[in-house]
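Trainee: When you get a sec, could you give me coordinates for this:
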Amino acid sequence: MSQVMAEIDLRTQMVGQNRMELLLFRLSGPRRFGINVFKVREVVQSLPNITRVPSNHPAVIGIAHLRGETTAIIDLELAMGMPSSREPGEGNVVLTEYNCKVQGFLVQSVDRIINKNWTDVMPPPIGAQNESYLTAVTSIDDELIQILDVEKVLAEVVGVDDSVNFVEEKFAELDGAEPAASMKRVLVVDDSKIARKQIIRVMEPLGAELIVCTDGQEAYDKLMEMSAESDVPIHEQIQLVISDVEMPRLDGYTLCRKIRESGELAQLKIILHTSLSGVFNASAVEKLGADGFQAKFDPEALYQMVTEQLGIESTAA
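Mentor: Prediction:
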């Protein structure tokens, strides 16, 4: 286990070149699942003392005091609709950080870390078991590794701000006026249905035309196609790109780099929009060539950043 944590510490210092690092673990049965190492703070080998607390979801089995913080513990099997297969006291806790919030996922056992190129990571096949909780799949040793859509799990178990109230306020502020970005076009790139839904909702009061892609490769191909088919510079066709970081085939890092290295695309404005937190800072964003970085599921902050990048007035408080 100490070797696993040493590898996590090493790899979270790296900004990959279209690579991902997966921590593999098991739930019920022999199948292995994966979670991005960038989101892992620690693997707790010995099951901590868990205090039962009232919860709106049965998968939240209690709270534990870990490394000076009170952390919710989520039984990942229960969260995914599986019967819990562990004996009392068994299992490991994968301590993760999403959107600046820490939570522990209780799993059957932790296996190891693998290094994969994003080109080897594909969307889940239609009809795959547990498809609704998968964001991607990859293979190792002829075994299909299922990469969890943790954003979906958290949305169902603890809830995320779905931005409904915020968007209603913004529509009320319009009071019949034309939306400020009605003549703008924005490219949205994210493989998570939950995240795409929120971005689209937050953008509605601005009135911008949205082009939606589900991974970096699809987005890059779309940009190149639009650039080739028109004499109008691409940055005048699309005023902003909002891109996730973790995506199959081509990740957000590499999409950003390829845009900046491409003469015809280089002037595009780019916001990196991700649930990764705790490993990025202003210098990293500058190195990637992005114009901004925004954590997911904060509708007001995203709205504010979008209006700034589009050069329009925002009324966000």
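Trainee: Run through who's touching stretch 210-228.
Mentor: Stretch 210-228 is contacted by residues 118, 123, 185-191, 196, 200, 203, 233-234, 237-238, 241, 243, 247-252, 254-255, 258-259, 262, 264-265, 268 when judged by Cβ atoms under 8 Å, 6 or more residues apart in numbering. The C-beta positions use only the backbone N, C-alpha and C, and glycine is treated the same way.
Trainee: out of these, which are buried?
Mentor: With neighbours counted using 16 or more other Cβ atoms under 10 Å, those contain these buried positions: 118, 123, 186-191, 196, 203, 234, 237-238, 241, 243, 247-252, 254-255, 258-259, 265, 268.
Trainee: so of the residues you listed, which ones are in strands?
Mentor: By the criterion of DSSP state E, membership of these in strands covers 186-189, 241, 243.
Trainee: State whether residue 70 is indeed within a strand.
Mentor: Yes. Counting by DSSP: H, G, I helix; E, B strand; the rest coil, residue 70 is part of a strand.
Trainee: number of nearby residues for it?
Mentor: Residue 70 is flanked by 11 other residues according to other Cβ atoms under 10 Å.
Trainee: Check the contact between it and residue 63; I expect there is one.
Mentor: Yes. In this structure, residue 70 is within contact of residue 63 by Cβ atoms under 8 Å, at 5.5 Å.
Trainee: returning to what we had before: filter the contacts of stretch 210-228 down to just the ones in helices.
Mentor: Using DSSP state H, the members of those that fall within helices are 196, 200, 203, 234, 237, 252, 254-255, 258-259.
Trainee: export the residues you listed to a markdown table and tack on distance to residue 291?
Mentor: Putting the ones in helices among the contacts of stretch 210-228 into a markdown table (distance: Cβ to Cβ, whole Å) gives the following:
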| residue | distance to residue 291 |
| --- | --- |
| 196 | 20 |
| 200 | 21 |
| 203 | 17 |
| 234 | 15 |
| 237 | 17 |
| 252 | 13 |
| 254 | 17 |
| 255 | 14 |
| 258 | 16 |
| 259 | 11 |
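Trainee: Format the residues you listed as JSON lines; extra columns: pLDDT and distance to residue 82.
Mentor: Supplementary listing: those in JSON lines, determined by pLDDT from 0 to 100; distance: Cβ to Cβ, whole Å:
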{"residue": "196", "pLDDT": "92", "distance to residue 82": "26"}
{"residue": "200", "pLDDT": "92", "distance to residue 82": "31"}
{"residue": "203", "pLDDT": "91", "distance to residue 82": "36"}
{"residue": "234", "pLDDT": "97", "distance to residue 82": "46"}
{"residue": "237", "pLDDT": "97", "distance to residue 82": "46"}
{"residue": "252", "pLDDT": "91", "distance to residue 82": "31"}
{"residue": "254", "pLDDT": "90", "distance to residue 82": "34"}
{"residue": "255", "pLDDT": "94", "distance to residue 82": "34"}
{"residue": "258", "pLDDT": "94", "distance to residue 82": "39"}
{"residue": "259", "pLDDT": "96", "distance to residue 82": "40"}
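Trainee: what residue ranges in the chain are flagged as low confidence?
Mentor: Scanning the chain for pLDDT under 70 picks out the ranges 1-17, 127-131, 160-164, 175-176, 277-285, 314-317.
Trainee: Domain-wise, how is it divided?
Mentor: Recorded structural domains for the chain (assignment: automatic domain parsing) are 2-157, 164-310.
Trainee: Do a quick rundown of the helices in the stretch 1-150 of the chain.
Mentor: Using DSSP state H, counting those that start in this stretch, the helices found in the stretch 1-150 of the chain span residues 2-11, 76-79, 150-157.
Trainee: in which helix or strand would I find residue 293?
Mentor: Residue 293 is part of strand 292-295, with elements assigned from DSSP states H and E.
Trainee: which residues are in contact with whatever helix or strand comes next after that strand?
Mentor: From strand 292-295 onward toward the C-terminus, using DSSP H and E, the following helix or strand is helix 299-310. Outside helix 299-310, the residues within contact range by Cβ under 8 Å, 6+ apart are 161, 163, 166-167, 170, 180-181, 184, 186, 198-199, 201-203, 205-206, 208, 239-240, 242, 269, 271, 273, 291-292, 294-295, 313-314, 316-317.
Trainee: can you check stretch 90-100 too?
Mentor: Judged by Cβ under 8 Å, 6+ apart, the contacts made with stretch 90-100 from elsewhere in the structure are 23, 25, 35, 39-45, 47-48, 64, 66-67, 71, 73, 102-110, 150-151, 154, 275, 277-278, 295-298.
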